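Engineer: Structural data only, the sequence is not supplied:
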């Protein structure tokens with residue numbers, strides 16, 4: 001099933017578990033009042049360029065438990081420019097369990113208002129230089145449950161551009177983005193379940 005038509009929805013739209021595999025360009029044009037959009041657990045593989053146009057007032061976007069990793073990890077698709085550009089007011093972005101392997105440069109550049117980013121349960125092995133650029137309002141970054149297991153700040157990861165006050169969860173460790181593995185404070189018990197927002 002593909003989502004092709006603008007939907008007459010306001011405030012909150014729950015479209016979870018609907019087998020929406022593709023969201024085409026301009027699918028949400030005409031719904032400027034939409035604040036929360038939940039598209040989790042659809043088996044989604046593609047967000048076309050312009051798919052989120054019209055969602056300039058969106059505050060929460062839940063794309064968790066889909067299959068967007070191949071697209072998001074492909075720098076030639078320029079997700080930050082072509083897909084996420086309208087989302088300057090989003091404060092919570094859920095991308096848990098999407099098979100994301102690489103955080104490409106500029107992918108989160110539009111998210112100046114983002115305070116919570118959930119990347120738990122993916123397969124992230126690399127954050128490119130500029131991969132966290134634009135996240136100047138971040139307070140929480142969730143990276144637990146990635147496979148292979150990651151430790152605090154692998155050497156080939158770049159966190160340049162991430163707010164220095166951000167708390168980063170790597171399973172059993174909780175780090176600030178200004179910390180190093182040696183100075184990272186413990187977070188207590190390991191978190192190996194997916195953390196995501198229900199509205």
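Structural biologist: Thanks, I have it. The shown structure was predicted, so the numbers you read here are calculated from the model rather than taken from an experiment. Numbers count the residues shown, from 1 in each chain.
Engineer: For the residue most central in space within the chain, give me its contacts.
Structural biologist: By Cα atoms, centre = their mean, the chain has its centre lying nearest to residue 95, at 4.0 Å. By Cβ atoms under 8 Å, 6 or more residues apart in numbering, the contact list for residue 95 reads 63-64, 68, 72, 117-119, 122. Using the backbone N, CA and C atoms, a C-beta is placed for each residue, glycine as well.
Engineer: Show me these that map onto strands.
Structural biologist: Judged by DSSP state E, those include 117-118 as members of strands.
Engineer: Can you flag the buried ones in the contacts of residue 95?
Structural biologist: Buried subset of these (neighbour count, 16 or more other Cβ atoms under 10 Å): 63-64, 68, 72, 117-119, 122.
Engineer: Compile these into a markdown table and extend it with columns for pLDDT.
Structural biologist: As requested, those are exported to a markdown table (pLDDT from 0 to 100):
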| residue | pLDDT |
| --- | --- |
| 63 | 98 |
| 64 | 98 |
| 68 | 97 |
| 72 | 95 |
| 117 | 95 |
| 118 | 95 |
| 119 | 94 |
| 122 | 93 |
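Engineer: Between those residues, which sits nearest residue 13?
Structural biologist: The shortest approach to residue 13 among the buried ones among the contacts of residue 95 belongs to residue 63, at 12.9 Å (Cβ to Cβ).
Engineer: returning to what we had before: and the buried ones among the contacts of residue 95 as CSV, adding distance to residue 141?
Structural biologist: As requested, the buried ones among the contacts of residue 95 are exported to CSV (distance: Cβ to Cβ, whole Å):
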residue, distance to residue 141
63, 16
64, 15
68, 18
72, 16
117, 5
118, 8
119, 7
122, 12
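Engineer: that older thread, what score does the residue nearest to the centre of the chain have for pLDDT?
Structural biologist: For residue 95, the pLDDT comes out at 98.
Engineer: same thing with residue 169?
Structural biologist: The per-residue pLDDT reported for residue 169 equals 74.
Engineer: Likewise for residue 131?
Structural biologist: Model confidence at residue 131 (pLDDT) stands at 87.
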